[in-house]
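**Q** Next comes the sequence, and after it the predicted model I'd like to discuss.
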Amino acid sequence: MRAHELSPVDPKPRRWPAVFHPAFMLAVMWLVEIFDRIFPGQWERFGLRAWDFSSLPGIVLAPLLHSEWNHLIGNSVPFLVLGMLVAFEGAGRFWLVTLIVAVVGALGPLFLSAPGTITVGASGLVFGYFAYLITRVFVVREMRHRLLFGVVAVVVALLYGSAMLVGIFAAGAGVSWQGHLTGALGGVAAALVLRDRPRDPQSSSPLGGRA
């Protein structure tokens, strides 16, 4: 047996490498913005265009695109911090949460924005991760995990709570409150869909459940 393999009596697998997945995604955002500045053409056109179903690929592309450097810089730290907290439960869960938030979060830019409005940026994911972490407190089953997520939720709320409220209810011109709102709803949906399932008391599971 190789050193990194687990035997039936080994402790729980290490989860720290999973936090590099949001870091990788953020690196892609920065590379995309660099290439967007080097090569001609506005890459923002590949974002989500309201009421235009030909822009559906923007569900994947829009979070990677940003309108300017300040837009990307403003999203980078909260995306990385909140994304790593989500990824601490595992890479699989991080990508599932990201997928659910991206799909649900696309509904706002598509159907609540003025026709023809193009929406880009990772802020929908940021709001989704925030809502997921808060909601996770109420759906995790084991008390010790609930206490842990409760501490995480308090810290997250103190760091970003006021900014999240402003981003939804007091967004300024050029800011997609629609994407923020449905992104947050996507985070709630992800927490509910991926909530812990009942398991055999004698079986072991990783922190917080599956995925």
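**A** Nice, I can see it. Numbering: from 1, shown residues only.
**Q** List the buried residues for the top helix by length along the chain?
**A** With residue count as the measure and DSSP state H as the assignment, the chain has helix 143-169 as its longest helix. By neighbour count with 16 or more other CB atoms under 10 Å, helix 143-169 contains the buried residues 145, 146, 148, 149, 152, 153, 156, 160, 164, 167, 168. Where C-beta positions appear, they are placed from N, C-alpha and C, glycine not excepted.
**Q** List the buried residues for the host helix or strand of residue 31?
**A** Here residue 31 sits within helix 20-38, counting by DSSP states H and E. By neighbour count on 16+ other CB under 10 Å, the buried set for helix 20-38 is 21, 22, 25, 26, 29, 32, 33, 36.
**Q** residue ranges for the helices of this protein, please.
**A** When secondary structure is read from DSSP H, the chain shows helices at 20-38, 58-61, 69-87, 91-105, 107-111, 123-139, 143-169, 177-193.
**Q** Including distance to residue 50 and mean pLDDT, could those helices go into CSV?
**A** As requested, the helices of the chain are exported to CSV (distance: least, CB to CB, whole Å; pLDDT from 0 to 100):
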stretch, distance to residue 50, mean pLDDT
helix 20-38, 21, 94
helix 58-61, 11, 95
helix 69-87, 18, 93
helix 91-105, 14, 96
helix 107-111, 6, 96
helix 123-139, 14, 93
helix 143-169, 18, 78
helix 177-193, 9, 95
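**Q** Can you say which of these is nearest to residue 51?
**A** Proximity to residue 51, assessed across the helices of the chain by CB to CB, is greatest for helix 107-111 (6.8 Å).
**Q** I'd like the distance from the closest one to the chain centre, please.
**A** Centre-to-centre, helix 107-111 and its host chain are 17 Å apart (CA atoms, centre = their mean, to the nearest Å).
**Q** What residues sit buried inside that helix?
**A** Per 16+ other CB under 10 Å, helix 107-111 contains these buried residues: 107, 108, 109, 110.
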